[in-house]
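1. please work out how this folds:
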Amino acid sequence: MACGLGTILLCGSDVRLFSRHEGNRILFRADDFCVLTYRLVGEKKALIKVVLSGLGYMLAMGLAYLVSNPLLISSGISQKYFEVLSEQFNVLSSGYGVVYEVGLISSWPSVLEYYGHWVFLLSILGVCIWGVIRGPNRLLQTIIITWMIPISILVFGFIHFKYQYWLPVILPMFSTLAVILPDKIEVRGLFTMKNNDSWAKRLLAGLVLSVVAVQFTSYVYSDAVWFNQRVHAAENSYAILFYNQALEALEPLPSGSYYVYHDVRMYVPETDGWVTEAIFELLDYDYLQQRNFDVVMLMQQRINDYLNPEVVGIDSEAFTRSQVFYKDANNGNLKGYHLVFRNDFGLIFVKDELYEANYVPPQKSVSHKYNQLVTSDRLSLQQSQ
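-> Residues are numbered from 1 along each chain as shown. This is a model prediction of the structure:
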C-alpha cells in the first residue's frame, strides 16, 4: 500500500512510465532514487517538483505504515519493535549462538543448486545490463538492476545466506529475459522478429534461448526429484517418520498434559496433551531446568553441528555450556532424563520421574519373594507326605 502510493506520487498520473505497452501497466516496489533521477534527467522535470515528489513519497509511506501498524504510535511499542528488528538483524549477520559463514564464496554452491548454472545467471545479468543501455524500456531495466545491487550486497555480504533471501532479487531478474526474446515464434522458422531488429540482437536472442534451454534441460531431473519428494513427503520424510516413531516411543506415558521440547526443524504438529516449545538458540542445562520439560526431542544433525570442532561460538562461555549439554545428549546421558528412543534423525528423552513410573516394570519386594518361597516349600512338603 505504502509503496504503491509512493510510486504514484513519484511517477505522476502516468503509471505507464514503467511500460511502453498500453496493456502492460506495471506498479511495483521500485528503487526510489532511480525513479527520481529519471524524472529529473530523463523527463527534465524541475528540481523542486522532483523534491516534492520524493517528500510526498516518504509521507505516503510513513502514513500508510502507521495506518497498518497503529500500535507503533506508542513509544514503548515502537522502541520494542526497533529492538527486535536490531536483534534479528544481528542474529542474521552473526548467527544463532555460533558464527555463520558470510560471503559469496560460501553461499555460491547454494546459489547454483537453487537458481541455476553460473552461465545462466550471468546471461540474465548481461541481458539486464543490455536492457539498461539499449533496451526498449530502459527505466524498467534500470529499476530492476538498482533493486538487485543493494539487496545482493546485503544478502551476500552481511548475512548468512539462505536461498529464500535472494528470491525477491532473482525473480525480477528472470523477467528481464523478455527484453531480448522474440515477440513472435513460428514453426516454419527458428523465430521471426521485427524488421528493424538487428542481426546482433537476433544472435543475442538465439544465444539466450540456447542458455535457457540448456538450463531447463539440466534441471529437469532435479525438479522431478524435488517434486517426487514433496508428493511422497508423508511416506519418505525423515521428520514425519520420526514423529510417528516418537508417538510409539511415548505410548507408555498415561494420557495427560506433557510439556515437550523439540528442535525447530522437527515435524511436531498439534498433538493432544502436548504443550510444545522450540527455539533457534543453543540449549544448555540451565534452560532445561528453567522450563522443566517432560519430554525432550533433539535432532542428531543439530547435535553433530554444535559438536563440530571447527564451529566457533559467538559467546565462548555460553557455547562451552551448550557443548557440554549436547555432548551428554549425544552419549545418551542427559542429566535428569532417560533416553527412550534414538535413530539417525533424532533422540527422545523422558524425565527420570516419568521413566521410572511408566517404563521400568515394578520390582517385587524381598519379603514378597520370601513369602513365595515359603509357600512353595509348604506345598512341596504336603505333596511328599
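2. show me where the stretch 201-350 of the chain has strands.
-> 258-262, 274-277, 295-299, 337-342, 346-351 (DSSP state E, counting those that start in this stretch).
3. to Leu140, which of these lies closest?
-> Ranking these by distance to Leu140, with Cβ to Cβ as the measure, places strand 295-299 first at 45.0 Å. Bear in mind the C-beta positions are built from the backbone N, C-alpha and C, glycine included.
4. if you count neighbours, what's buried in the helix or strand hosting Ala64?
-> Using DSSP states H and E, Ala64 maps to helix 47-68. Buried residues in helix 47-68, counted by 16 or more other Cβ atoms under 10 Å: Val50, Ser53, Gly54, Tyr57, Ala60, Met61, Ala64.
5. and it, what's its mean pLDDT?
-> Confidence for helix 47-68, expressed as mean pLDDT, is 76.
6. now swap in stretch 112-122 and tell me
-> Stretch 112-122 carries an average pLDDT of 85.
7. wait, which of the buried residues of helix 47-68 is closest to Ser222?
-> When the buried residues of helix 47-68 are compared for distance to Ser222 (Cβ to Cβ), Met61 wins out at 40.1 Å.
8. how far does the helix holding Ala64 sit from its chain's centre?
-> Centroid separation for helix 47-68 versus its chain: 32 Å, with Cα atoms, centre = their mean, to the nearest Å.
9. just stretch 219-234 next, same as before
-> 19 Å.
10. hey, C-alpha coordinates of it in CSV?
-> Extracted in CSV, the C-alpha atoms of stretch 219-234 (Å, rounded to 0.1, in the frame of the first residue of the first chain):
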residue,chain,number,x,y,z
TYR,A,219,17.4,-29.0,-14.1
VAL,A,220,14.5,-31.2,-15.2
TYR,A,221,15.9,-34.2,-13.3
SER,A,222,16.4,-32.2,-10.0
ASP,A,223,13.0,-30.7,-10.4
ALA,A,224,11.5,-34.1,-10.8
VAL,A,225,13.3,-35.4,-7.7
TRP,A,226,12.1,-32.4,-5.7
PHE,A,227,8.5,-32.8,-6.9
ASN,A,228,8.5,-36.5,-6.1
GLN,A,229,9.9,-35.8,-2.6
ARG,A,230,7.1,-33.3,-1.9
VAL,A,231,4.4,-35.6,-3.2
HIS,A,232,5.6,-38.5,-1.1
ALA,A,233,6.7,-36.5,1.9
ALA,A,234,4.4,-38.3,4.2
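11. so where is the stretch 1-150 of the chain shaky, pLDDT-wise?
-> Along the stretch 1-150 of the chain, segments meeting pLDDT under 70 span 1-47, 50, 91, 93-97, 99.
12. all helices of it, in order?
-> 2-11, 32-37, 47-68, 75-94, 104-115, 118-134, 138-157 (DSSP state H, counting those that start in this stretch).
13. now the ones you listed in a markdown table, with distance to Lys335?
-> Output for the helices of the stretch 1-150 of the chain, formatted as a markdown table (distance: least, Cβ to Cβ, whole Å):
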| stretch | distance to Lys335 |
| --- | --- |
| helix 2-11 | 52 |
| helix 32-37 | 56 |
| helix 47-68 | 48 |
| helix 75-94 | 28 |
| helix 104-115 | 36 |
| helix 118-134 | 50 |
| helix 138-157 | 41 |
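14. between those, which one is closest to Phe345.
-> Using Cβ to Cβ, the nearest of the helices of the stretch 1-150 of the chain to Phe345 is helix 104-115, at 22.2 Å.
15. can you list the domains in the chain?
-> Domains of the chain are assigned by automatic domain parsing as 1-68, 101-231, 238-358.
16. if we can go back for a sec, now render the strands of the stretch 201-350 of the chain as a markdown table, adding distance to Phe161 and mean pLDDT.
-> Listed next are these as a markdown table, based on distance: least, Cβ to Cβ, whole Å; pLDDT from 0 to 100:
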| stretch | distance to Phe161 | mean pLDDT |
| --- | --- | --- |
| strand 258-262 | 26 | 96 |
| strand 274-277 | 28 | 95 |
| strand 295-299 | 21 | 96 |
| strand 337-342 | 32 | 96 |
| strand 346-351 | 26 | 96 |
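17. how about these, which one is nearest Ala178?
-> Nearest to Ala178, of all the strands of the stretch 201-350 of the chain, is strand 295-299, at 43.2 Å by Cβ to Cβ.
18. in stretch 160-180, what's buried?
-> 160-161, 165-166, 169-170, 172-174, 176-177, 179-180.
19. which of these sits closest to Gln245?
-> Proximity of these to Gln245 (Cβ to Cβ) peaks at His160, which lies at 31.3 Å.
20. low-confidence ranges in the stretch 201-350 of the chain?
-> By pLDDT under 70, the weakly predicted segments of the stretch 201-350 of the chain are 201-202, 204.
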